[in-house]
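>>> only geometry, no sequence info:
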């Protein structure tokens, strides 16, 4: 029954269910973080291996204890909390960071007392080193007091690595990147999760850049935190794009809009319609010359400052664009101070500095990130598309180990080598054939003549292999079949190929073409070579013609074709006129003669309606026009 239920959920799992800030509890609890080694081989981590303090690289079978979505417990440090604030504060402590680093390296988890003891030992060692380097006892005492005063405020990160290295050496573990196991080792911008609601060859992926630095070690806790917020409307992010003088920015709420009943739009999906922009702004300045690429400042730096009206306008607009963007940042300062993420897409360093030079944003702010995918021209619709790309879990194929990929690459390389070896095993005649055909195709007559003389070949050289060139055994046959008029003339007149050679079907080179221009080339060559050159009847070539005769034939042919074309056009025009007349006659009907119609004076016009009166007047005008035409024909 459970498998049937899982299959049902798999079929029902749609993109709308994968919004990372609004995941169902059932789906959230089913997520299982995937870890990989450097070869992208999936490794399952087990807490028991950490308790032993040793990580076995050959057969690593680990699996971390999964916490429930709403539990206030750190599964790394094995600590419980009473409130969510205490839990969040714990994730920011050096103690938690230390245990995360040890966990990833396969070392045991430290208690708070052990952590404090190790840190104090490292501080004592450092202070002793500082004292031993001092020259005066009094200065030593002062420096040690200052160091002791500074120690509580010093970053503990400087001691963590040395503590971890000592433990690795003590346990005899050699830290190697190839043995390093982590969920970050995905060789992609994603963090992968397994779920029972997916097929075996599928996984769920979330962009690494969406997860903040403090949650990067435990992305599942980040998903839990996002989906347990009491007021999701307060969670916001900022999106900015600039490029080519175009700017688009928005403040997006993590809570989606209710789009139930919305109609589909041509250029916007329902998911994009659900994006909740609290603020958005777009504008454009002319900063890039069309089809030239790059900003005016980049062109000035590369080629020197140009003195033109257009360049001056572009320089002014670059400055104005920077002012406009920084004005938007000032207006949105209350939002930016509360954003969880600030995504910026900028083409170059100068565009990126617009957001950090003399603004409320600091270039070292951990919230500032780049879009981990390619974006198009900055527009509001592109911002919505980018947010949908960032904020939904992706159903992706399960990553394959690098070893498999390398094997496939080796097979491809071996196939290529085999192909090269086959080419190298060609006979000299086959190699010469390839070169001759290549020159004939390209129409390189001088090079062809030079190659034939250099290799002491004959114009009647038999192309190899016979199975491939059975229909076109000679260059003349090949050129004739391919419709190469100029090459046929050169092969006959200059290289003196024999036109009487027949293929296995008994056909000469003349017989292989249906093109009149090629046939004329054969006849011109016959005229140039003379009747004594060969048995022309055996070659089936027509009567000899000189170039003037061929030109005259072509002119007559062209005139005949033009005359035929004109006739066809006239016939088509007459047919079109006839069709139009028949259509008009069908619309008018047979009609009736205008006889015995009383005159206007005899008829009481007041009794007629407006439409009847207009119809009567039209009939009178038509009758009068008919009389005028009859009089003109009689004269």
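Everything's here; your move. Treat the numbers as computed from the prediction; the structure is a model and nothing was measured.
>>> ok, residue 445 touching residue 494?
Yes - applying C-beta atoms under 8 Å, one finds residue 445 in contact with residue 494, separated by 7.3 Å. Yep, even glycine has a C-beta here, placed from its N, CA and C like the rest.
>>> Surely residue 312 is within a helix?
Yes - using DSSP: H, G, I helix; E, B strand; the rest coil, the assignment for residue 312 is a helix.
>>> what's the burial count for it?
Residue 312 is flanked by 13 other residues according to other C-beta atoms under 10 Å.
>>> again, but for residue 385
Other residues near residue 385 number 18, with proximity taken as other C-beta under 10 Å.
>>> need the helices for the stretch 1-150 of the chain, in chain order.
In the stretch 1-150 of the chain, the helices defined using DSSP state H, counting those that start in this stretch lie at 2-12, 25-30, 47-52, 84-91, 94-104, 112-132, 137-150.
>>> I'd like the average pLDDT over stretch 520-536.
Average pLDDT, stretch 520-536: 88.
>>> what sits up against that stretch?
With C-beta atoms under 8 Å, 6 or more residues apart in numbering as the contact definition, stretch 520-536 has outside contacts at 480, 485-486, 488-489, 492-493, 496, 498-500, 509-510, 541-547, 550, 553-554.
>>> need the contact list for the residue lying closest to residue 376 once chain neighbours are set aside.
Nearest residue to residue 376, sequence neighbours excluded (C-beta to C-beta, 6 or more residues apart in numbering): residue 382, at 5.3 Å. Residue 382 makes contact with 241, 248, 375, 376, according to C-beta under 8 Å, 6+ apart.
>>> hey, least reliable of the helices of the stretch 1-150 of the chain by pLDDT?
Across the helices of the stretch 1-150 of the chain, the lowest-scoring stretch is helix 47-52, with a mean of 35.
>>> Backbone dihedrals for the residue nearest to residue 376, both of them.
According to degrees, to the nearest 10, the main-chain angles of residue 382 amount to phi -70, psi -30.
>>> Tell me which stretches of the stretch 401-550 of the chain form helices.
Counting by DSSP H, counting those that start in this stretch, the helices of the stretch 401-550 of the chain are 402-424, 428-442, 445-454, 475-481, 485-493, 516-529, 536-539, 547-588.
>>> Switch the ones you listed over to JSON lines; also include distance to residue 220 and mean neighbour count.
Below are the helices of the stretch 401-550 of the chain laid out as JSON lines (distance: least, C-beta to C-beta, whole Å; neighbours: other C-beta atoms under 10 Å):
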{"stretch": "helix 402-424", "distance to residue 220": "25", "mean neighbour count": "11"}
{"stretch": "helix 428-442", "distance to residue 220": "61", "mean neighbour count": "15"}
{"stretch": "helix 445-454", "distance to residue 220": "68", "mean neighbour count": "14"}
{"stretch": "helix 475-481", "distance to residue 220": "68", "mean neighbour count": "26"}
{"stretch": "helix 485-493", "distance to residue 220": "71", "mean neighbour count": "22"}
{"stretch": "helix 516-529", "distance to residue 220": "75", "mean neighbour count": "20"}
{"stretch": "helix 536-539", "distance to residue 220": "84", "mean neighbour count": "16"}
{"stretch": "helix 547-588", "distance to residue 220": "75", "mean neighbour count": "10"}
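>>> closest to residue 85 out of those helices?
Smallest distance to residue 85 across these (C-beta to C-beta): 42.6 Å, for helix 402-424.
>>> Quick one: mean pLDDT over the closest one.
Averaged across helix 402-424, pLDDT comes to 62.
>>> quick one, domains of this structure?
Per automatic domain parsing, the domain ranges recorded for the chain read 2-206, 229-392, 428-545, 599-635.
>>> what stretches of the stretch 201-350 of the chain score poorly on pLDDT?
Along the stretch 201-350 of the chain, the parts satisfying pLDDT under 70 run over 291-294, 298-304, 306.
>>> mind listing the helices for it?
For the stretch 201-350 of the chain, applying DSSP H, counting those that start in this stretch gives helices covering 219-227, 270-273, 296-303, 309-331, 333-336, 349-356.
>>> Confirm residue 358 sits in a helix?
No - under the criterion used here (three-state DSSP), residue 358 is coil, not part of a helix.
>>> That one contacts residue 327, doesn't it?
No - counting by C-beta under 8 Å, residue 327 is not a contact partner of residue 358; they are 11.7 Å apart.
>>> So what's the residue count around residue 541?
For residue 541, the neighbour count with other C-beta under 10 Å is 21.
>>> so what's it up against?
By C-beta under 8 Å, 6+ apart, residue 541 lies in contact with 499, 508, 510, 522, 523, 526.
>>> Looking at those residues, which two lie furthest apart in space?
Among those, 508 and 523 lie farthest apart (C-beta to C-beta), at 13.9 Å.
>>> and the spatially most central residue of the chain, helix, strand or coil?
Nearest to the geometric centre of the chain sits residue 374, at 7.0 Å (C-alpha atoms, centre = their mean). Under the three-state scheme (three-state DSSP), residue 374 adopts coil.
>>> residues contacting it?
For residue 374, the contact set (C-beta under 8 Å, 6+ apart) is empty.
>>> One more pass at 10 Å, please.
Listed by C-beta atoms under 10 Å, 6 or more residues apart in numbering, the contact set of residue 374 reads residue 345.
>>> Distance check, it against residue 575.
Residue 374 sits 56 Å away from residue 575, going by C-beta to C-beta, to the nearest Å.
>>> Check residue 321 too.
Taking C-beta to C-beta, one finds residue 321 at 63 Å from residue 575.
>>> and if you look at residue 269?
From residue 269 across to residue 575, the span is 51 Å (C-beta to C-beta).
>>> Doesn't residue 385 lie inside a helix?
Yes - under three-state DSSP, residue 385 sits within a helix.
>>> That one contacts residue 250, correct?
No - if you go by C-beta atoms under 10 Å, residue 385 and residue 250 don't touch, sitting 11.8 Å apart.
>>> shared neighbours of these two, anything?
Shared contacts of residue 385 and residue 250, counting by C-beta under 10 Å, 6+ apart, come down to residue 275.
>>> Poorly predicted segments of the stretch 451-600 of the chain, please.
For the stretch 451-600 of the chain, applying pLDDT under 70 flags the ranges 584-600.
>>> Mind doing that once more with 50?
For the stretch 451-600 of the chain, the stretches flagged by pLDDT under 50 are 600.
>>> neighbours around residue 25, how many?
By other C-beta under 10 Å, 13 other residues sit near residue 25.
>>> Same check on the one 10 residues further on?
Residue 35: 21 surrounding residues under other C-beta under 10 Å.
>>> What separation is there between it and residue 372?
Residue 35 sits 20 Å away from residue 372, going by C-beta to C-beta.
>>> for residue 478, same thing?
54 Å.
>>> and if you look at residue 235?
Distance from residue 235 to residue 372, counting by C-beta to C-beta: 20 Å.
>>> who's more crowded, these two?
More crowded of residue 235 and residue 372, by other C-beta under 10 Å: residue 235, with 18 against 15.
>>> The more buried one: what's it in contact with?
Shown in contact with residue 235 (C-beta under 10 Å, 6+ apart): 21, 225, 226, 229, 252, 253, 254, 255, 338, 339, 340, 341.
>>> now with 6 Å?
residue 254 (C-beta atoms under 6 Å, 6 or more residues apart in numbering).
>>> And it, its phi and psi?
With angles defined as degrees, to the nearest 10, residue 235 sits at phi -80, psi 120.
>>> before we move on, back to that, PyMOL command to pick out the buried ones of the contacts of residue 382?
Buried members of these, defined by 16 or more other C-beta atoms under 10 Å, are picked up in PyMOL with:
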select buried, resi 241+248+375
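>>> Could you dump the contacts of residue 382 into a markdown table and include distance to residue 220?
What follows is those, written out as a markdown table (distance: C-beta to C-beta, whole Å):
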| residue | distance to residue 220 |
| --- | --- |
| 241 | 30 |
| 248 | 33 |
| 375 | 28 |
| 376 | 33 |
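>>> and of the contacts of residue 382, the nearest to residue 579?
For the contacts of residue 382, the nearest to residue 579 is residue 376 (50.2 Å; C-beta to C-beta).
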